[in-house]
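> Sequence first, predicted coordinates after that:
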Amino acid sequence: MTISYIRPIVPDTAPGNARAASGRIVGQPLPLIAVPATPPQRLSNVLYSVATVDDRGRVADRQMAAALNWTAATRLSIREHDGLLAVAADPHGVFKLTKQGHVRLPADARRAGHLSSGDRVLLRVR
């Protein structure tokens with residue numbers, strides 16, 4: 001199997017002197033960029049993740065559950081709206097996390113969201 005690479009396009013930095021400009025770029029080290037000493041502040045409190053629906057309708061992402069402070073005792077409500085599933089903590093909810101911290105989507109919710117085993121889903125926490 002042969003891998004072919006696409007040659008990069010380097011914009012000309014010297015108008016009218018493409019040969020000299022490309023000659024200077026080839027073989028020279030890349031310029032260094034300034035890296036801030038402290039990481040930038042998050043401008044949003046939204047967390048995204050991608051998970052797979054397993055054969056039992058479970059969606060496993062422990063980081064999302066941890067970000068929400070959900071435990072196996074957390075009661076949940078699962079609602080469908082325009083093909084999207086909204087899972088929220090609800091003291092009167094009839095669903096809850098599994099002992100392993102997975103959200104088990106009921107069959108009705110999977111049908112409403114057109115989800116089946118092996119589907120990848122985008123999770124969003126805010």
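Thanks, I have it.
> Report the central residue of the protein.
Here the mean C-alpha position of the chain is nearest to the C-alpha of S49 (C-alpha atoms, centre = their mean), at a distance of 3.4 Å.
> Please confirm that it is located within a helix.
No: with DSSP: H, G, I helix; E, B strand; the rest coil as the criterion, S49 is assigned strand and is not in a helix.
> How about the contacts made by it?
61, 63-64, 122-123, 125 (C-beta atoms under 8 Å, 6 or more residues apart in numbering). For the C-beta atoms, the positions are set from N, CA and C on the backbone; glycine is no exception.
> Among the residues you listed, pick out the one closest to L84, please.
Set against L84, the nearest of these by C-beta to C-beta is L122 (9.8 Å).
> still on that earlier bit, can you flag which of the contacts of S49 belong to helices?
Counted as lying in helices by DSSP state H, out of the contacts of S49, are 63-64.
> If any of the contacts of S49 are buried, give me the PyMOL selection for them.
Here is the PyMOL command that selects the buried residues among these (16 or more other C-beta atoms under 10 Å):
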select buried, resi 61+64+125
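> follow-up on the earlier one: and the residue nearest to the centre of the chain, what pLDDT?
At S49, the model reports a pLDDT of 88.
> Nearest residue to it in space, ignoring adjacent ones along the chain?
In space, S49 comes closest to L123 once its chain neighbours are excluded; the distance is 4.6 Å by C-beta to C-beta, 6 or more residues apart in numbering.
> what residues are up against that neighbour?
With contacts taken as C-beta under 8 Å, 6+ apart, L123 has the following neighbours: 48-51, 59, 61, 64.
> Next, format these as CSV and append distance to I78.
What follows is the contacts of L123, written out as CSV (distance: C-beta to C-beta, whole Å):
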residue, distance to I78
Y48, 19
S49, 17
V50, 19
A51, 15
V59, 11
D61, 15
M64, 14
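> Most widely separated two among those?
Comparing the members of those, the greatest separation, given C-beta to C-beta, is between Y48 and V59, at 13.9 Å.
> Look at these two and report which has more neighbours.
For the pair Y48 and V59, the greater number of neighbours falls to V59 (20 against 10), based on other C-beta atoms under 10 Å.
> show me what contacts the more buried one?
Taking C-beta under 8 Å, 6+ apart as the test, what V59 contacts is 51-53, 102-103, 105, 121, 123.
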